[in-house]
Each structure stands twice: as structure tokens, then as C-alpha cells.
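Novice: sequence and predicted model, in that order:
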Amino acid sequence: MPVFENLAGTSPSSPAKAPAQTADHLVAAGAFAEEERNAVYRAIETRRDVRDQFRPDPLPDDLVRRLLEAAHSAPSVGFMQPWNFILVRQSQTRERVWQAFHQANEEACAMFEGDRRAQYQRLKLEGIRKAPLSICITCDTKRGGPVVLGRTHNPDTDVYSTVCAVQNLWLAARAEGVGVGWVSIFHEDAIKSILGIPEHVKIVAWLCIGYVDELYDMPELAVKGWRDRLPLDKLVFEEGWQDCDDM
Ligand SMILES: Cc1cc2nc3c(=O)[nH]c(=O)nc-3n(C[C@H](O)[C@H](O)[C@H](O)COP(=O)(O)O)c2cc1C
């Protein structure tokens with residue numbers, strides 16, 4: 001018998017029937033069938049950040065809905081669900097956001113020196129105007145009230161939760177043949193003012209979204225010589241922090 005039943009009625013503050021009902025929600029778990037498992041790993045391994053390969057054709061509403069449902073299924077601290085999804089299709093709005101990106105990108109470029117700056121200048125780091133849909137994913141820091149279970153000692157957990165939603169959407173998109181590119185190079189206030197986002201709401205991601213026929217087989221930044229994937233074995237420690245080379 002599930003342990004919840006033994007707890008029924010033990011606390012005056014919890015209604016006796018609630019724990020008994022929770023047991024009804026336990027369903028069989030276990031590994032997926034091999035083909036299903038492979039599909040999950042395939043989505044994870046072949047997901048890419050897309051900047052340029054977007055097709056212009058619009059995404060059907062039911063597909064967009066599936067992506068949003070995937071995002072909304074993400075874990076969140078205290079089940080806070082701090083996210084909102086602002087769908088932006090209008091080209092005038094995307095143009096204004098691109099202008100904000102462009103200004104910040106010039107500033108970013110100037111932060112690198114010499115060859116690295118020249119290399120940065122050659123990179124395309126957004127698909128704001130090319131992708132037919134953008135979704136601005138935000139984190140409402142006030143959702144759920146001033147004290148949220150699990151967030152009591154680390155207020156950043158609301159943003160971590162929202163990032164989980166982004167990743168869910170990104171993986172679901174891969175399975176749908178849809179490319180996603182995350183743009184973070186802008187002053188947050190510039191985008192907030194374009195979209196009318198209130199002060200206490202943080203922008204977590206600007207996602208450019210559209211069908212793709214081709215994807216790089218490794219991160220584009222690695223293909224273009226900016227940075228390689230680190231060896232996993234150098235990142236895994238046993239039982240505590242270990243000295244590692246500067247990576
Ligand atoms: C928080 C975050 C912000 C990012 N911002 C940008 C960005 O502004 N522009 C860009 O081209 N890529 C951006 N990326 C994508 C990364 O460059 C990309 O994930 C990384 O190079 C690995 O490539 P992959 O996603 O194709 O595996 C961002 C990714 C994350 C997780």
C-alpha cells in the first residue's frame with residue numbers, strides 16, 4: 001500500500017481525504033521502450049541553436065500549442081510556474097527588437113580584442129528578422145506570493161525554472177522539425193519597453209522559431225572555430241571539487 005494512506009488524518013491542518021486521493025495518482029513508471037528512448041536522446045543530441053536556417057513559412061497553431069504545452073510541463077520551484085510566453089509575429093515589432101540587438105551587439109563586439117573581435121564580427125548571432133515567430137519567455141518574480149516553497153533561500157530558482165521551460169520547448173521543437181535560436185544580446189529594458197513588460201518581470205529568453213530543413217551536426221560556434229565542446233571527463237568530479245585546468 002502506498003505510504004500516503006498511513007498518513008491520513010494525522011495532521012489537523014491537512015484534510016484526511018487529501019492523502020488518500022494522492023495515491024490514486026501514482027502510475028506505473030519504468031524505462032521507455034528502446035525506440036522511444038533513442039528518440040529522446042536523438043532530440044537532445046541533435047538540438048541546435050539556429051541563427052540562419054529558418055524557412056519563412058508560418059508554423060501551424062496546433063504545432064505552436066504543442067511547443068507551449070511542452071514548455072509549460074517544465075519543473076518549477078514550488079510549482080511556481082513563473083513563466084509567460086509572449087508570441088511576436090509582427091515584423092515591425094521584430095524589427096524594433098533587432099535594432100535593440102544590433103546596438104547591443106556592437107557593444108559586445110567592442111569587448112573582444114584583436115583577431116577575436118574580427119572573428120566575432122563574422123558570426124551571425126540571431127535570426128530575429130528571418131524566423132517567422134519569436135517567443136519572449138519571461139519570469140514573473142512575484143508569482144505565487146512573497147514566500148514560495150523551495151525558493152526561500154535562493155531567489156534565482158524562479159529563473160532556473162523558466163530556463164527549464166525554455167529547454168523543454170527547444171527539445172520539443174527539434175522533434176517537430178522546428179529550429180530555435182536563443183538571443184540574449186540586448187539591454188533587457190529595451191525589450192521590456194517594446195513589449196510593455198512590467199518591472200518585476202524578467203526576460204529570460206528571446207527565441208527565434210521557424211521550420212528548418214538543415215541543422216549543423218555540431219554547435220555552430222564549434223563549426224566556426226569560436227569554441228569547442230569540452231571533454232565530459234574533465235567536468236565530472238567524484239565526491240568533491242577537484243582541481244581542473246582553466247577551461
Ligand atoms: C542562455 C543562453 C543564451 C544564448 N544567447 C545566444 C545569443 O544571444 N546568440 C546566439 O547566437 N546564441 C545564443 N545562445 C546559443 C549558444 O550559443 C549555443 O547554445 C551554444 O553555442 C551551443 O550550441 P548548440 O545550442 O547548437 O548546441 C544562447 C544559449 C543560451 C543557453
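Specialist: Good, I have the coordinates. Keep in mind the model is a prediction, meaning the values are calculated, not measured. Numbering: from 1, shown residues only.

Novice: got the residues of the protein near the ligand?
Specialist: On the criterion C-beta under 6 Å from any ligand atom, the ligand has as its neighbours in the chain the residues 48-49, 51, 125-126, 182-185, 219-221. Where C-beta positions appear, they are placed from N, C-alpha and C, glycine not excepted.

Novice: just the buried residues of these.
Specialist: Among the residues of the chain next to the ligand, those classed as buried by 16 or more other C-beta atoms under 10 Å are 48-49, 51, 125-126, 182-183, 185, 220.

Novice: sorry, back to before: among the residues of the chain next to the ligand, which are in helices?
Specialist: 220-221 (DSSP state H).

Novice: CSV for the residues of the chain next to the ligand, including distance to residue 227 and pLDDT?
Specialist: Written out in CSV, the entries for the residues of the chain next to the ligand read as follows (distance: C-beta to C-beta, whole Å; pLDDT from 0 to 100):
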residue, distance to residue 227, pLDDT
48, 15, 98
49, 13, 98
51, 15, 98
125, 13, 98
126, 18, 98
182, 16, 98
183, 18, 98
184, 16, 98
185, 16, 98
219, 8, 98
220, 11, 98
221, 5, 98
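
Novice: most widely separated two among the residues of the chain next to the ligand?
Specialist: 48 and 185 (18.1 Å; C-beta to C-beta).

Novice: quick one: contacts for the spatially most central residue of the chain?
Specialist: Closest to where the C-alpha atoms of the chain average out (C-alpha atoms, centre = their mean) is residue 166, at 1.9 Å. The neighbours of residue 166, taking C-beta atoms under 8 Å, 6 or more residues apart in numbering as the test, are 71, 137, 182, 204-205, 207.

Novice: can you read off the pLDDT for it?
Specialist: The pLDDT attached to residue 166 in the predicted structure is 99.

Novice: do the same with residue 247
Specialist: Looking at residue 247, its pLDDT reads 82.

Novice: residues touching it, list them.
Specialist: 230, 234.

Novice: where does the prediction get shaky in this structure?
Specialist: When residues are selected by pLDDT under 70, those of the chain lie in 1-20.

Novice: same for the lengthiest strand in the chain, what does it pack against?
Specialist: Longest strand in the chain by number of residues (criterion: DSSP state E): strand 201-211. Using 3 or more C-beta pairs under 8 Å, 6 or more residues apart in numbering; DSSP states H and E as the contact criterion, the secondary-structure elements in contact with strand 201-211 are strand 133-140, helix 157-175, strand 178-183, helix 188-195.

Novice: need these in a markdown table with distance to residue 232, can you?
Specialist: Formatted as a markdown table, the entries for the helices and strands packed on strand 201-211 read as follows, by distance: least, C-beta to C-beta, whole Å:
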| stretch | distance to residue 232 |
| --- | --- |
| strand 133-140 | 28 |
| helix 157-175 | 18 |
| strand 178-183 | 22 |
| helix 188-195 | 33 |
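
Novice: tell me which of those is the most buried.
Specialist: Per-residue neighbour counts averaged over each of these give the maximum for strand 178-183, namely a mean of 25 (mean count of other C-beta atoms under 10 Å).

Novice: between that one and strand 201-211, how many degrees?
Specialist: Between strand 178-183 and strand 201-211, the angle comes out at 140 degrees (axes from the mean of the first three to the mean of the last three C-alpha atoms, to 10 degrees).

Novice: for residue 175, what are its contacts?
Specialist: Residue 175 makes contact with 39, 43, according to C-beta under 8 Å, 6+ apart.

Novice: over to the one 3 residues further on?
Specialist: Contacts for residue 178 were tallied using C-beta under 8 Å, 6+ apart; they are 59, 63, 67, 209-212.
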